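Q: Got a sequence here, can you build the structure:
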Amino acid sequence: MTGEGRIVDLHVHSNHSDGTFTPSELISYAVEKKLSVMALTDHDTVDGLKEIREAAEKTENSPEIVPGIELSTDRDGKDIHIVGLFINERDEAFLSWLKKFQDSRDLRNETMCERLRTGAGMDISFEALKREFPGAVITRAHYAKYMLIHGITHSLKEGFDRYVGDHSPFFVPREKVSPEEGIKLILSAGGIPVLAHPFQYAFGRERLERFVAELKEAGLIAIEAYYTTHSPSDTREILELAERYGLFISGGSDFHGNNKVGVDLAVGKGDLRVSYDIYERLREYHEKAPVSGS
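A: Next comes the predicted model:
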């Protein structure tokens, strides 16, 4: 079967990070959406990959599964996300780094809960968050949802604005990893590093181009041109940028289930389409030129 008419989604989250669908539910929904390929790219964890593979094997017409991750990195105080596609989630060095990063995040969460208890009089603990969201890597989205569920706030936005946003007195910064380090880690696990949603960082055209040039020098292989919030002109600009710097193209919805209202699997806000040939080029590159961090 040719790739014509087939669609893919190379940026998807499960409840192992801040999505609301389990990996098994993602497979069922992907079949409903007639996806040919889907990458699970949870934030800073590969824990959902085993379940999604097993579910895919048991499901008729299941999409092909690309093992992935989305690493949280920092540049000048901005959250920069580097997606890794085709990673080897059994790579021991990569898993060791993830464990250390998650341990530091746990310590940060303990500290932030303590600040919320003592400074805001909030009945919240890291253990309570983990009970509420079992198996998830706890992020600020989980704090906001916990506050809404327990009547502490009236909206997710209020939780972010008052309690867990960057400028809140209760916010505790996480351990910082540079985008260059994130790229190196993905390469070391045999993956293809992708700069996710490049316009989300509000760099401006010239600064974004300098940033992409720096990341290309560090080993960046691809960039997301097709993304839920991209206008046609945004997509064209990233396609031109990719051509100038010899980068492959990727794309995806950044589906989070109910945690991103109005963003659907495969189609984003309704008009997203990531064609199969985009996936094929990435796969062929990965097969012919095995990625290495050495």
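
Q: How are the strands of the stretch 101-250 of the chain distributed by residue range?
A: 192-195, 222-227, 248-252 (DSSP state E, counting those that start in this stretch).

Q: counting contacts, what elements does the shortest one pack onto?
A: Counting contacts by 3 or more C-beta pairs under 8 Å, 6 or more residues apart in numbering; DSSP states H and E, strand 192-195 is packed against strand 78-85, helix 179-188, strand 222-227, helix 276-288. Every residue, glycine included, has its C-beta placed from N, CA and C.

Q: How far away from the center of its chain is stretch 145-159?
A: 23 Å (C-alpha atoms, centre = their mean, to the nearest Å).

Q: Can you give the contact residues for that stretch?
A: 122-124, 128-129, 132-133, 141, 143-144, 162-163, 259 (C-beta atoms under 8 Å, 6 or more residues apart in numbering).

Q: Now do that stretch: distance from first to last residue.
A: 8 Å (C-alpha to C-alpha, to the nearest Å).

Q: Now do the buried residues in that stretch.
A: By 16 or more other C-beta atoms under 10 Å, the buried positions in stretch 145-159 come out as 145-148, 152-153, 156, 159.

Q: Equivalent analysis for stretch 27-41, please.
A: Taking 16+ other C-beta under 10 Å as the criterion, stretch 27-41 shows 27, 29-30, 33, 35-41 as buried.

Q: any idea how far Pro198 is from the residue lying closest to Phe203 once chain neighbours are set aside?
A: Among residues not flanking Phe203 along the chain, Phe211 sits closest, at 6.0 Å (C-beta to C-beta, 6 or more residues apart in numbering). Phe211 sits 8 Å away from Pro198, going by C-beta to C-beta, to the nearest Å.

Q: And stretch 16-26, end to end?
A: 12 Å.

Q: show me the contacts for the residue nearest to Phe203.
A: Counted by C-beta under 8 Å, 6+ apart, Phe211 has contacts 75, 201, 203.

Q: run the last query once more with 10 Å
A: Neighbour list for Phe211: 75-76, 78, 80, 179, 195, 198, 201, 203, 220 [criterion: C-beta atoms under 10 Å, 6 or more residues apart in numbering].

Q: Mind listing the residues bridging to the residue lying closest to Ile221 once chain neighbours are set aside?
A: Leaving aside its chain neighbours, Ile221 sits nearest to Ile192 (4.9 Å; criterion: C-beta to C-beta, 6+ apart). As for beta bridges, Ile192 partners with Leu85 under DSSP bridges.

Q: Check the spacing between Ile192 and Lys288 real quick.
A: Applying C-beta to C-beta to Ile192 and Lys288 gives a distance of 12 Å.

Q: more neighbours, those two?
A: Applying other C-beta atoms under 10 Å to Ile192 and Lys288 shows that Ile192 carries more neighbours, namely 24 against 7.

Q: So that one is in contact with His286, correct?
A: Yes. In terms of C-beta atoms under 10 Å, Ile192 counts as a neighbour of His286; the distance is 5.9 Å.
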